[in-house]
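Novice: here is a sequence together with a model predicted from it:
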Amino acid sequence: MKKYGRLMIAVLLTVALVFSVAGCAGQTGDQNQAQQQQKVLKIGTNATFPPFEMQDNNEFTGFDMDLIRAIGEEQGYKVEINHMDFKALIPSLGNNKIDAAIAGMSITEERLESVDFTDAYFNAGLIIAVANSNESIKTTEDLKGRKLAAQNGTIGAAYCVEVKKQDPKTETRIFDDIGAAFMELEKGGVDAVVNDHPVTAYYLKTTTSTKAKMVGDIFSADDQYGIAVKKGNAETLDMLNEGLNKIKANGKYDEIYKKWF
Amino acid sequence: MPLVEIFGLGVIDNITSQYGYKVISNNLVYFLGGAGYTVFITALSLVMGMILGLFAGLGKLSNKKILCFLSTAYIDFFRGTPLFVQIFLLYFGILPLFYDNDPVTSAIIALGLNSGAYIGEIIRSGIQAVDHGQIEAARSLGMNQRQAMTHVILPQAFKIVIPPMINEFIALLKDSSLLSAITVPELMHRGDLVFANTYQATWVFGAIAVIYFIITKIISVIGDKVERRLATD
(Lines give C-alpha, C1' and ligand atoms only; values in the text may rest on other atoms or scores of the structure.)
Protein backbone atom coordinates (compact mmCIF):
# COMPACT_ATOMS: atom_id res chain seq x y z
CA MET A 1 0.00 0.00 0.00
CA LYS A 2 2.76 2.40 0.99
CA LYS A 3 4.72 1.53 -2.14
CA TYR A 4 1.74 2.25 -4.35
CA GLY A 5 1.20 5.56 -2.58
CA ARG A 6 4.72 6.66 -3.39
CA LEU A 7 4.37 5.55 -6.96
CA MET A 8 1.14 7.51 -7.29
CA ILE A 9 2.79 10.67 -5.96
CA ALA A 10 5.70 10.24 -8.36
CA VAL A 11 3.30 9.83 -11.29
CA LEU A 12 1.21 12.83 -10.21
CA LEU A 13 4.29 15.04 -9.84
CA THR A 14 5.57 14.01 -13.26
CA VAL A 15 2.21 14.73 -14.87
CA ALA A 16 2.00 18.10 -13.10
CA LEU A 17 5.51 19.00 -14.28
CA VAL A 18 4.79 18.06 -17.89
CA PHE A 19 1.57 20.03 -17.89
CA SER A 20 3.10 23.10 -16.32
CA VAL A 21 5.87 23.16 -18.93
CA ALA A 22 3.33 22.65 -21.70
CA GLY A 23 1.23 25.46 -20.22
CA CYS A 24 4.15 27.86 -20.32
CA ALA A 25 4.94 27.12 -23.94
CA GLY A 26 1.32 27.63 -24.99
CA GLN A 27 1.08 30.98 -23.25
CA THR A 28 4.17 32.55 -24.76
CA GLY A 29 3.08 31.36 -28.19
CA ASP A 30 -0.24 33.15 -27.86
CA GLN A 31 1.43 36.32 -26.64
CA ASN A 32 3.79 36.42 -29.60
CA GLN A 33 0.90 36.02 -31.95
CA ALA A 34 -1.02 38.86 -30.35
CA GLN A 35 2.00 41.13 -30.49
CA GLN A 36 2.37 40.54 -34.18
CA GLN A 37 -1.25 41.43 -34.80
CA GLN A 38 -1.42 44.66 -32.80
CA LYS A 39 0.85 46.67 -30.55
CA VAL A 40 -0.10 46.26 -26.90
CA LEU A 41 -0.09 49.13 -24.44
CA LYS A 42 0.19 47.79 -20.91
CA ILE A 43 -1.61 50.14 -18.53
CA GLY A 44 -1.50 50.06 -14.75
CA THR A 45 -4.31 51.42 -12.61
CA ASN A 46 -5.82 51.10 -9.15
CA ALA A 47 -9.46 50.36 -9.84
CA THR A 48 -10.79 51.55 -6.47
CA PHE A 49 -11.13 55.23 -7.32
CA PRO A 50 -14.57 55.87 -8.84
CA PRO A 51 -15.54 57.57 -11.08
CA PHE A 52 -12.02 57.55 -12.53
CA GLU A 53 -11.38 53.84 -12.30
CA MET A 54 -13.40 51.00 -10.85
CA GLN A 55 -14.51 47.47 -11.63
CA ASP A 56 -17.99 46.64 -12.79
CA ASN A 57 -18.88 43.05 -13.73
CA ASN A 58 -15.18 42.19 -13.98
CA GLU A 59 -14.68 45.06 -16.44
CA PHE A 60 -12.54 48.10 -15.76
CA THR A 61 -14.71 51.18 -16.19
CA GLY A 62 -14.52 54.87 -15.36
CA PHE A 63 -13.37 58.16 -16.83
CA ASP A 64 -9.68 57.19 -16.98
CA MET A 65 -10.43 53.81 -18.48
CA ASP A 66 -12.56 55.30 -21.27
CA LEU A 67 -9.91 57.96 -21.84
CA ILE A 68 -6.98 55.56 -22.18
CA ARG A 69 -8.97 53.21 -24.42
CA ALA A 70 -9.90 56.14 -26.66
CA ILE A 71 -6.24 57.19 -26.84
CA GLY A 72 -5.21 53.59 -27.59
CA GLU A 73 -7.80 53.31 -30.33
CA GLU A 74 -6.71 56.61 -31.84
CA GLN A 75 -3.05 55.56 -31.86
CA GLY A 76 -3.53 51.94 -32.94
CA TYR A 77 -2.77 50.19 -29.66
CA LYS A 78 -4.54 47.34 -27.93
CA VAL A 79 -4.95 48.59 -24.37
CA GLU A 80 -4.37 45.98 -21.66
CA ILE A 81 -5.33 47.13 -18.17
CA ASN A 82 -3.76 45.76 -14.99
CA HIS A 83 -5.08 46.46 -11.51
CA MET A 84 -2.58 46.95 -8.69
CA ASP A 85 -2.03 48.90 -5.47
CA PHE A 86 -1.88 52.63 -6.11
CA LYS A 87 1.52 52.85 -4.50
CA ALA A 88 2.85 50.02 -6.69
CA LEU A 89 2.16 51.92 -9.92
CA ILE A 90 5.30 54.04 -10.06
CA PRO A 91 7.66 51.16 -9.14
CA SER A 92 5.93 49.05 -11.83
CA LEU A 93 6.76 51.72 -14.41
CA GLY A 94 10.35 51.68 -13.19
CA ASN A 95 10.81 47.97 -13.80
CA ASN A 96 8.84 47.93 -17.07
CA LYS A 97 5.94 45.82 -15.81
CA ILE A 98 3.62 48.43 -17.34
CA ASP A 99 4.09 51.04 -20.09
CA ALA A 100 1.94 53.76 -18.54
CA ALA A 101 -0.13 54.41 -15.42
CA ILE A 102 -3.47 56.20 -15.43
CA ALA A 103 -5.03 56.30 -11.99
CA GLY A 104 -6.24 59.77 -11.11
CA MET A 105 -2.59 60.49 -10.44
CA SER A 106 -1.79 64.10 -9.56
CA ILE A 107 1.31 65.63 -11.11
CA THR A 108 3.63 66.46 -8.20
CA GLU A 109 7.26 67.47 -7.75
CA GLU A 110 8.02 64.25 -5.87
CA ARG A 111 6.52 62.02 -8.56
CA LEU A 112 8.32 63.93 -11.32
CA GLU A 113 11.59 62.73 -9.77
CA SER A 114 10.64 59.15 -10.60
CA VAL A 115 8.37 59.38 -13.66
CA ASP A 116 7.40 61.64 -16.56
CA PHE A 117 3.82 62.89 -16.95
CA THR A 118 1.77 63.64 -20.04
CA ASP A 119 -0.03 66.97 -20.32
CA ALA A 120 -2.68 67.25 -17.62
CA TYR A 121 -5.95 65.63 -18.65
CA PHE A 122 -8.03 66.58 -15.62
CA ASN A 123 -8.09 69.40 -13.12
CA ALA A 124 -9.05 68.13 -9.68
CA GLY A 125 -8.75 69.60 -6.22
CA LEU A 126 -9.12 68.39 -2.65
CA ILE A 127 -12.31 68.48 -0.60
CA ILE A 128 -13.18 67.62 2.99
CA ALA A 129 -15.92 65.09 3.73
CA VAL A 130 -17.42 64.82 7.23
CA ALA A 131 -20.34 63.07 8.90
CA ASN A 132 -23.76 64.70 8.35
CA SER A 133 -24.04 65.48 12.04
CA ASN A 134 -20.63 67.18 12.15
CA GLU A 135 -20.99 70.96 12.49
CA SER A 136 -17.53 71.75 13.84
CA ILE A 137 -15.47 71.22 10.67
CA LYS A 138 -16.09 73.88 8.02
CA THR A 139 -12.67 74.75 6.60
CA THR A 140 -9.18 73.30 6.33
CA GLU A 141 -8.24 75.20 9.52
CA ASP A 142 -10.70 73.05 11.47
CA LEU A 143 -8.83 69.84 10.51
CA LYS A 144 -6.07 70.54 13.06
CA GLY A 145 -6.10 68.16 16.00
CA ARG A 146 -8.79 65.94 14.48
CA LYS A 147 -8.81 62.33 13.29
CA LEU A 148 -8.33 62.29 9.51
CA ALA A 149 -8.50 59.51 6.92
CA ALA A 150 -7.12 59.36 3.36
CA GLN A 151 -5.75 56.95 0.79
CA ASN A 152 -2.07 56.00 0.91
CA GLY A 153 0.06 57.71 -1.72
CA THR A 154 -2.50 60.41 -2.60
CA ILE A 155 -2.34 64.20 -2.34
CA GLY A 156 -5.04 63.91 0.31
CA ALA A 157 -2.78 61.71 2.45
CA ALA A 158 0.12 64.14 2.01
CA TYR A 159 -2.19 66.95 3.11
CA CYS A 160 -3.20 65.03 6.26
CA VAL A 161 0.46 64.48 7.14
CA GLU A 162 1.05 68.21 6.64
CA VAL A 163 -1.80 69.03 9.06
CA LYS A 164 -0.29 66.62 11.57
CA LYS A 165 3.05 68.41 11.28
CA GLN A 166 1.35 71.69 12.18
CA ASP A 167 -0.58 70.14 15.06
CA PRO A 168 0.84 66.88 16.45
CA LYS A 169 -2.46 66.11 18.20
CA THR A 170 -3.91 65.33 14.75
CA GLU A 171 -4.38 61.60 14.13
CA THR A 172 -4.04 60.25 10.58
CA ARG A 173 -5.39 56.92 9.35
CA ILE A 174 -4.06 56.18 5.89
CA PHE A 175 -5.86 53.29 4.16
CA ASP A 176 -4.83 51.38 1.05
CA ASP A 177 -8.02 52.28 -0.77
CA ILE A 178 -10.39 55.20 -0.54
CA GLY A 179 -13.45 53.00 0.07
CA ALA A 180 -12.05 51.90 3.43
CA ALA A 181 -11.39 55.55 4.34
CA PHE A 182 -15.07 56.39 3.69
CA MET A 183 -16.16 53.33 5.69
CA GLU A 184 -14.04 54.59 8.57
CA LEU A 185 -15.81 57.97 8.35
CA GLU A 186 -19.23 56.32 8.20
CA LYS A 187 -18.59 54.24 11.30
CA GLY A 188 -17.37 57.31 13.16
CA GLY A 189 -13.74 56.26 13.47
CA VAL A 190 -12.48 59.54 11.98
CA ASP A 191 -13.78 63.12 11.83
CA ALA A 192 -12.98 63.80 8.16
CA VAL A 193 -11.77 62.30 4.89
CA VAL A 194 -9.45 64.44 2.76
CA ASN A 195 -9.57 63.36 -0.86
CA ASP A 196 -9.80 64.48 -4.50
CA HIS A 197 -13.06 66.35 -5.08
CA PRO A 198 -14.45 64.38 -8.07
CA VAL A 199 -14.00 61.05 -6.29
CA THR A 200 -15.60 62.20 -3.06
CA ALA A 201 -18.46 63.85 -4.96
CA TYR A 202 -19.08 60.64 -6.92
CA TYR A 203 -18.99 58.52 -3.76
CA LEU A 204 -21.55 60.71 -1.99
CA LYS A 205 -23.76 60.84 -5.08
CA THR A 206 -23.80 57.08 -5.67
CA THR A 207 -23.88 55.84 -2.07
CA THR A 208 -27.50 56.31 -1.11
CA SER A 209 -27.00 55.10 2.46
CA THR A 210 -24.23 57.60 3.10
CA LYS A 211 -24.16 59.54 6.34
CA ALA A 212 -21.50 61.94 5.05
CA LYS A 213 -21.38 65.33 3.33
CA MET A 214 -18.82 67.64 1.75
CA VAL A 215 -17.88 70.90 3.49
CA GLY A 216 -15.88 74.00 2.56
CA ASP A 217 -14.33 74.94 -0.75
CA ILE A 218 -12.20 72.86 -3.09
CA PHE A 219 -8.60 73.52 -2.11
CA SER A 220 -5.17 72.70 -3.53
CA ALA A 221 -6.79 73.56 -6.88
CA ASP A 222 -3.61 73.15 -8.90
CA ASP A 223 -4.05 69.41 -8.37
CA GLN A 224 -3.85 68.13 -11.97
CA TYR A 225 -3.99 64.55 -13.19
CA GLY A 226 -1.55 63.20 -15.75
CA ILE A 227 -0.68 59.84 -17.27
CA ALA A 228 2.65 58.61 -15.94
CA VAL A 229 5.35 56.83 -17.95
CA LYS A 230 8.81 55.63 -16.99
CA LYS A 231 11.26 58.50 -16.68
CA GLY A 232 12.90 59.09 -20.05
CA ASN A 233 10.40 57.01 -22.04
CA ALA A 234 9.84 59.79 -24.59
CA GLU A 235 8.40 57.44 -27.20
CA THR A 236 5.39 56.41 -25.11
CA LEU A 237 5.04 59.92 -23.67
CA ASP A 238 4.84 61.56 -27.12
CA MET A 239 2.47 58.89 -28.37
CA LEU A 240 0.11 59.46 -25.39
CA ASN A 241 0.27 63.27 -25.67
CA GLU A 242 -0.49 63.05 -29.36
CA GLY A 243 -3.45 60.76 -28.67
CA LEU A 244 -4.69 63.04 -25.89
CA ASN A 245 -4.57 66.06 -28.20
CA LYS A 246 -6.39 64.13 -30.93
CA ILE A 247 -9.30 63.10 -28.69
CA LYS A 248 -9.51 66.61 -27.27
CA ALA A 249 -9.72 67.98 -30.83
CA ASN A 250 -12.25 65.49 -32.18
CA GLY A 251 -14.71 65.83 -29.30
CA LYS A 252 -14.10 62.35 -27.86
CA TYR A 253 -12.73 63.82 -24.63
CA ASP A 254 -15.83 65.97 -24.07
CA GLU A 255 -18.02 62.96 -24.75
CA ILE A 256 -16.24 60.92 -22.07
CA TYR A 257 -16.28 63.87 -19.66
CA LYS A 258 -20.04 64.29 -20.04
CA LYS A 259 -20.57 60.59 -19.49
CA TRP A 260 -18.98 60.67 -16.04
CA PHE A 261 -19.47 64.20 -14.66
CA MET B 1 45.65 46.01 4.00
CA PRO B 2 45.09 49.32 2.22
CA LEU B 3 43.47 47.73 -0.83
CA VAL B 4 40.69 46.20 1.25
CA GLU B 5 40.21 49.48 3.08
CA ILE B 6 39.92 51.47 -0.14
CA PHE B 7 37.62 48.90 -1.64
CA GLY B 8 35.53 48.75 1.52
CA LEU B 9 35.24 52.53 1.79
CA GLY B 10 34.27 52.77 -1.86
CA VAL B 11 31.42 50.34 -1.36
CA ILE B 12 30.24 52.14 1.77
CA ASP B 13 30.37 55.53 0.04
CA ASN B 14 28.46 54.09 -2.86
CA ILE B 15 25.73 52.77 -0.57
CA THR B 16 25.43 55.83 1.66
CA SER B 17 25.21 58.18 -1.30
CA GLN B 18 22.05 56.50 -2.60
CA TYR B 19 18.60 58.01 -2.15
CA GLY B 20 17.20 54.75 -0.73
CA TYR B 21 19.83 54.77 2.02
CA LYS B 22 18.79 58.27 3.05
CA VAL B 23 15.15 57.19 3.10
CA ILE B 24 16.03 54.36 5.49
CA SER B 25 18.31 56.39 7.76
CA ASN B 26 15.72 59.20 7.97
CA ASN B 27 12.96 56.76 8.86
CA LEU B 28 14.81 54.25 11.03
CA VAL B 29 13.46 55.61 14.32
CA TYR B 30 9.96 55.70 12.79
CA PHE B 31 10.31 52.06 11.70
CA LEU B 32 11.61 50.97 15.11
CA GLY B 33 8.60 52.66 16.70
CA GLY B 34 6.46 50.60 14.35
CA ALA B 35 8.34 47.47 15.42
CA GLY B 36 7.45 48.42 19.01
CA TYR B 37 3.76 48.42 18.08
CA THR B 38 4.22 45.09 16.28
CA VAL B 39 5.74 43.43 19.35
CA PHE B 40 3.28 45.07 21.76
CA ILE B 41 0.20 44.04 19.77
CA THR B 42 1.49 40.54 19.09
CA ALA B 43 2.36 39.95 22.76
CA LEU B 44 -1.05 41.10 24.03
CA SER B 45 -2.80 39.06 21.32
CA LEU B 46 -0.78 36.01 22.33
CA VAL B 47 -1.85 36.41 25.97
CA MET B 48 -5.47 36.70 24.87
CA GLY B 49 -4.98 33.77 22.51
CA MET B 50 -3.55 31.61 25.33
CA ILE B 51 -6.55 32.26 27.57
CA LEU B 52 -9.02 31.57 24.75
CA GLY B 53 -6.93 28.64 23.54
CA LEU B 54 -6.86 26.98 26.95
CA PHE B 55 -10.66 27.09 27.13
CA ALA B 56 -11.05 26.03 23.50
CA GLY B 57 -8.56 23.18 23.83
CA LEU B 58 -10.10 21.87 27.06
CA GLY B 59 -13.58 22.44 25.62
CA LYS B 60 -12.83 20.32 22.61
CA LEU B 61 -11.82 17.44 24.91
CA SER B 62 -14.80 17.94 27.21
CA ASN B 63 -17.47 15.29 27.70
CA LYS B 64 -20.12 17.99 27.74
CA LYS B 65 -21.51 18.14 24.21
CA ILE B 66 -22.31 21.85 24.23
CA LEU B 67 -18.76 22.83 25.31
CA CYS B 68 -17.26 20.55 22.71
CA PHE B 69 -19.51 21.97 20.01
CA LEU B 70 -18.80 25.62 20.88
CA SER B 71 -15.04 25.08 21.03
CA THR B 72 -15.02 23.18 17.73
CA ALA B 73 -17.13 25.85 16.02
CA TYR B 74 -14.84 28.63 17.30
CA ILE B 75 -11.67 26.84 16.22
CA ASP B 76 -13.10 25.84 12.84
CA PHE B 77 -14.22 29.37 12.02
CA PHE B 78 -11.01 31.15 12.91
CA ARG B 79 -8.77 28.48 11.38
CA GLY B 80 -10.94 28.07 8.33
CA THR B 81 -11.16 31.69 7.17
CA PRO B 82 -8.30 34.02 6.19
CA LEU B 83 -7.02 36.32 8.93
CA PHE B 84 -7.20 39.22 6.47
CA VAL B 85 -10.94 38.65 6.06
CA GLN B 86 -11.38 38.37 9.84
CA ILE B 87 -9.58 41.68 10.37
CA PHE B 88 -11.90 43.55 7.99
CA LEU B 89 -15.01 41.77 9.26
CA LEU B 90 -14.21 42.62 12.87
CA TYR B 91 -12.96 46.15 12.25
CA PHE B 92 -15.71 47.46 9.98
CA GLY B 93 -18.51 45.01 10.70
CA ILE B 94 -18.71 43.47 14.16
CA LEU B 95 -16.68 45.51 16.65
CA PRO B 96 -18.39 48.86 15.82
CA LEU B 97 -21.61 47.30 17.15
CA PHE B 98 -20.03 46.99 20.59
CA TYR B 99 -17.84 50.05 21.03
CA ASP B 100 -16.26 52.99 19.23
CA ASN B 101 -13.45 50.79 18.00
CA ASP B 102 -9.99 52.11 17.18
CA PRO B 103 -7.37 50.31 15.06
CA VAL B 104 -5.07 49.15 17.88
CA THR B 105 -7.63 47.52 20.20
CA SER B 106 -9.43 46.02 17.20
CA ALA B 107 -6.10 44.60 16.05
CA ILE B 108 -5.45 42.94 19.42
CA ILE B 109 -8.94 41.43 19.45
CA ALA B 110 -8.69 40.16 15.87
CA LEU B 111 -5.24 38.64 16.31
CA GLY B 112 -6.16 37.29 19.76
CA LEU B 113 -9.27 35.52 18.47
CA ASN B 114 -7.34 34.10 15.56
CA SER B 115 -4.40 32.84 17.59
CA GLY B 116 -6.79 31.45 20.24
CA ALA B 117 -8.04 28.98 17.62
CA TYR B 118 -4.55 27.78 16.76
CA ILE B 119 -3.44 27.69 20.39
CA GLY B 120 -6.61 25.71 21.22
CA GLU B 121 -5.44 22.99 18.85
CA ILE B 122 -1.89 23.16 20.25
CA ILE B 123 -3.20 22.72 23.80
CA ARG B 124 -5.57 19.91 22.81
CA SER B 125 -2.76 17.99 21.13
CA GLY B 126 -0.45 18.74 24.08
CA ILE B 127 -2.95 17.27 26.54
CA GLN B 128 -3.52 14.23 24.35
CA ALA B 129 0.24 13.71 24.08
CA VAL B 130 0.49 13.11 27.85
CA ASP B 131 0.48 9.36 28.47
CA HIS B 132 -2.98 8.09 29.33
CA GLY B 133 -1.52 6.11 32.24
CA GLN B 134 -0.88 9.42 34.00
CA ILE B 135 -4.55 10.24 34.38
CA GLU B 136 -5.35 6.70 35.43
CA ALA B 137 -2.62 6.87 38.07
CA ALA B 138 -3.87 10.23 39.31
CA ARG B 139 -7.46 8.99 39.50
CA SER B 140 -6.40 5.86 41.36
CA LEU B 141 -4.66 8.08 43.92
CA GLY B 142 -8.10 9.53 44.63
CA MET B 143 -7.90 12.75 42.60
CA ASN B 144 -11.01 13.78 40.73
CA GLN B 145 -10.93 14.62 37.01
CA ARG B 146 -10.34 18.31 37.64
CA GLN B 147 -7.51 17.79 40.12
CA ALA B 148 -5.86 15.27 37.82
CA MET B 149 -6.04 17.77 34.99
CA THR B 150 -4.63 20.78 36.88
CA HIS B 151 -1.99 18.98 38.96
CA VAL B 152 -0.85 16.15 36.69
CA ILE B 153 -1.80 16.56 33.07
CA LEU B 154 -1.53 20.32 32.39
CA PRO B 155 1.96 20.75 33.91
CA GLN B 156 3.25 17.99 31.64
CA ALA B 157 1.32 19.27 28.63
CA PHE B 158 2.79 22.74 29.26
CA LYS B 159 6.28 21.43 28.53
CA ILE B 160 5.11 19.70 25.37
CA VAL B 161 3.43 22.79 23.96
CA ILE B 162 6.39 25.16 24.37
CA PRO B 163 7.91 24.55 20.89
CA PRO B 164 4.63 24.88 18.96
CA MET B 165 3.82 27.96 21.08
CA ILE B 166 7.07 29.64 20.02
CA ASN B 167 6.12 28.77 16.45
CA GLU B 168 2.72 30.36 16.95
CA PHE B 169 4.29 33.49 18.45
CA ILE B 170 6.54 33.91 15.40
CA ALA B 171 3.70 33.20 12.96
CA LEU B 172 1.48 35.69 14.76
CA LEU B 173 4.16 38.35 14.71
CA LYS B 174 4.51 38.00 10.94
CA ASP B 175 0.74 37.88 10.46
CA SER B 176 0.42 41.16 12.34
CA SER B 177 1.67 42.83 9.15
CA LEU B 178 -1.86 42.30 7.75
CA LEU B 179 -3.08 44.87 10.29
CA SER B 180 -1.56 47.49 8.01
CA ALA B 181 -4.86 47.46 6.09
CA ILE B 182 -6.76 48.96 9.04
CA THR B 183 -4.04 51.59 9.62
CA VAL B 184 -2.52 50.11 12.79
CA PRO B 185 0.79 52.01 13.05
CA GLU B 186 2.85 48.81 13.11
CA LEU B 187 6.02 48.07 11.16
CA MET B 188 4.47 47.05 7.83
CA HIS B 189 2.08 50.00 7.79
CA ARG B 190 4.89 52.44 8.38
CA GLY B 191 6.90 50.77 5.63
CA ASP B 192 3.90 51.10 3.33
CA LEU B 193 3.52 54.81 4.08
CA VAL B 194 7.19 55.55 3.47
CA PHE B 195 7.20 53.43 0.31
CA ALA B 196 4.14 55.24 -1.09
CA ASN B 197 6.01 58.55 -0.93
CA THR B 198 9.50 57.42 -1.94
CA TYR B 199 8.97 54.40 -4.25
CA GLN B 200 12.11 52.75 -2.83
CA ALA B 201 10.69 49.22 -2.71
CA THR B 202 13.96 47.33 -2.30
CA TRP B 203 15.32 49.61 0.39
CA VAL B 204 12.14 50.07 2.39
CA PHE B 205 10.91 46.47 2.35
CA GLY B 206 14.49 45.20 2.67
CA ALA B 207 14.85 47.19 5.90
CA ILE B 208 11.41 46.03 7.10
CA ALA B 209 12.35 42.41 6.40
CA VAL B 210 15.59 42.76 8.38
CA ILE B 211 13.74 44.24 11.37
CA TYR B 212 11.12 41.45 11.32
CA PHE B 213 13.88 38.86 11.05
CA ILE B 214 15.79 40.28 14.02
CA ILE B 215 12.64 40.21 16.18
CA THR B 216 11.68 36.64 15.22
CA LYS B 217 15.28 35.50 15.73
CA ILE B 218 15.28 36.95 19.25
CA ILE B 219 12.01 35.14 20.00
CA SER B 220 13.32 31.81 18.73
CA VAL B 221 16.57 32.15 20.71
CA ILE B 222 14.62 32.88 23.90
CA GLY B 223 12.32 29.96 23.04
CA ASP B 224 15.28 27.61 22.72
CA LYS B 225 16.60 28.74 26.14
CA VAL B 226 13.25 28.18 27.83
CA GLU B 227 12.97 24.77 26.23
CA ARG B 228 16.44 23.72 27.34
CA ARG B 229 15.88 24.90 30.91
CA LEU B 230 12.64 22.97 31.21
CA ALA B 231 14.26 19.88 29.69
CA THR B 232 16.89 19.69 32.48
CA ASP B 233 14.26 19.74 35.24
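Specialist: Happy to help now that I have it.
Novice: could you look up the SS state of the residue in the stretch 1-150 of chain A positioned nearest to chain B?
Specialist: Relative to chain B, the nearest point of the stretch 1-150 of chain A is A:Lys87 (3.8 Å; C-beta to the nearest C-beta). Yep, even glycine has a C-beta here, placed from its N, CA and C like the rest. What DSSP: H, G, I helix; E, B strand; the rest coil gives for A:Lys87 is helix.
Novice: just to confirm, which helix or strand has A:Pro91 in it?
Specialist: helix A:89-94 (DSSP states H and E).
Novice: for residue 96, which residues are in contact?
Specialist: I'll assume chain A. Taking C-beta atoms under 8 Å, 6 or more residues apart in numbering or on different chains as the contact definition, A:Asn96 lies against A:Lys230.
Novice: please go with chain B instead
Specialist: A:187-188.
Novice: at 6 Å what do you get?
Specialist: Residues in contact with B:Pro96 (C-beta atoms under 6 Å, 6 or more residues apart in numbering or on different chains) are A:Lys187.
Novice: quick check, it in a helix?
Specialist: Yes. Assignment of B:Pro96 by three-state DSSP places it within a helix.
Novice: returning to that earlier point: any buried residues in the helix holding A:Pro91, and which?
Specialist: Residues of helix A:89-94 classed as buried: A:89-93 (neighbour count, 16 or more other C-beta atoms under 10 Å in any protein chain shown).
Novice: tell me, which of those make contact with chain B?
Specialist: Within the set of the buried residues of helix A:89-94, contact with chain B (C-beta under 6 Å from any C-beta of the partner chain) is found for A:90-91.
Novice: can I get the buried residues of helix A:89-94 in JSON lines including pLDDT?
Specialist: Output for the buried residues of helix A:89-94, formatted as JSON lines (pLDDT from 0 to 100):
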{"residue": "A:Leu89", "pLDDT": "95"}
{"residue": "A:Ile90", "pLDDT": "94"}
{"residue": "A:Pro91", "pLDDT": "93"}
{"residue": "A:Ser92", "pLDDT": "94"}
{"residue": "A:Leu93", "pLDDT": "95"}
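Novice: which member of the buried residues of helix A:89-94 is positioned nearest A:Asn245?
Specialist: A:Leu93 (22.0 Å; C-beta to C-beta).
Novice: can you get me a residue count around B:Asp100?
Specialist: By other C-beta atoms under 10 Å in any protein chain shown, 10 other residues sit near B:Asp100.
Novice: just checking, A:Met54 is part of a strand?
Specialist: Yes. Counting by three-state DSSP, A:Met54 is part of a strand.
Novice: mind checking pLDDT for it?
Specialist: On pLDDT, A:Met54 comes in at 94.
Novice: what of the one 3 residues further on?
Specialist: If you check A:Asn57, the pLDDT there is 88.
Novice: what does A:Ala124 give?
Specialist: A:Ala124 is assigned a predicted lDDT (pLDDT) of 89.
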